[in-house]
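Student: next come a sequence and a model predicted from it.
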Amino acid sequence: PKERSSSTLWIGVDLDKQEGEFRLLSETVELFSLELGTANVEEIPNRATYRFQGKAAGKANFVVWWFEAQLSPSDPSVVLTNAPNCIDARHEATCWGQAAAELPSAASVVAGEVVEI
């Protein structure tokens, strides 16, 4: 959303509230996974290349992300997440939004093809 744009590295959005003009162009991808309390913060990538499966044709100029924390080692269904319900209906929508970062340059996405960003 333009009213939230600034010089920061990311902006807050809420896809369930249909903020902005976001359109889902790819399948969701896990960007990284870590175990709190044992993860080495130096090993968390601050830049990486990812491959996404195209779901619809268009120009991708933002990446939207959210978190999912598994709260029980014995029951993977016990989670805390801010995943948008409009994309991941496994969980109810929350009052938390998601985060979005603008790509350095737009990526062309074609349904059924892999795009690398």
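Tutor: Right, received. Where do you want to start? Residues are numbered from 1 along each chain as shown.
Student: tell me which residues touch Lys17, please.
Tutor: For Lys17, the contacting residues are Gly97, by Cβ atoms under 8 Å, 6 or more residues apart in numbering. Heads up, the C-betas are built off the backbone N, CA and C, glycines and all.
Student: do that again at 10 Å, thanks
Tutor: Contacts of Lys17 were listed using Cβ atoms under 10 Å, 6 or more residues apart in numbering, and they are 1, 84, 86, 93, 97.
Student: the fourth one against Asp16, yeah?
Tutor: Yes - taking contacts as Cβ atoms under 10 Å, Ala93 lies within contact range of Asp16: 4.6 Å.
Student: out of these two, which sits in the more crowded spot?
Tutor: The residue with more neighbours, out of Ala93 and Asp16 and counting by other Cβ atoms under 10 Å, is Asp16; that gives 19 against 16.
Student: show me what the strand ranked longest in the chain packs onto, helices and strands only.
Tutor: Counting residues, the longest strand found in the chain (DSSP state E) is strand 98-109. In this structure, strand 98-109 packs against strand 11-13, strand 51-53, strand 58-65, strand 114-116, with contacts taken as 3 or more Cβ pairs under 10 Å, 6 or more residues apart in numbering; DSSP states H and E.
Student: re earlier: of the contacts of Lys17, buried ones?
Tutor: Neighbour-count burial within those applies to 84, 93, 97; the criterion is 16 or more other Cβ atoms under 10 Å.
Student: any idea how far the last one lies from Ala83?
Tutor: Read it as Gly97. With distances defined as Cβ to Cβ, to the nearest Å, the gap from Gly97 to Ala83 amounts to 11 Å.
Student: and Arg51, by the same measure?
Tutor: According to Cβ to Cβ, Arg51 stands 21 Å off from Ala83.
Student: who has more neighbours, the two?
Tutor: Using other Cβ under 10 Å as the criterion, Arg51 and Ala83 rank with Ala83 on top: 22 against 10.
Student: mind putting the buried ones among the contacts of Lys17 into TSV with pLDDT and distance to Trp65?
Tutor: As requested, the buried ones among the contacts of Lys17 are exported to TSV (pLDDT from 0 to 100; distance: Cβ to Cβ, whole Å):
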residue	pLDDT	distance to Trp65
Pro84	93	11
Ala93	83	16
Gly97	91	11
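Student: cool, thanks, talk later.
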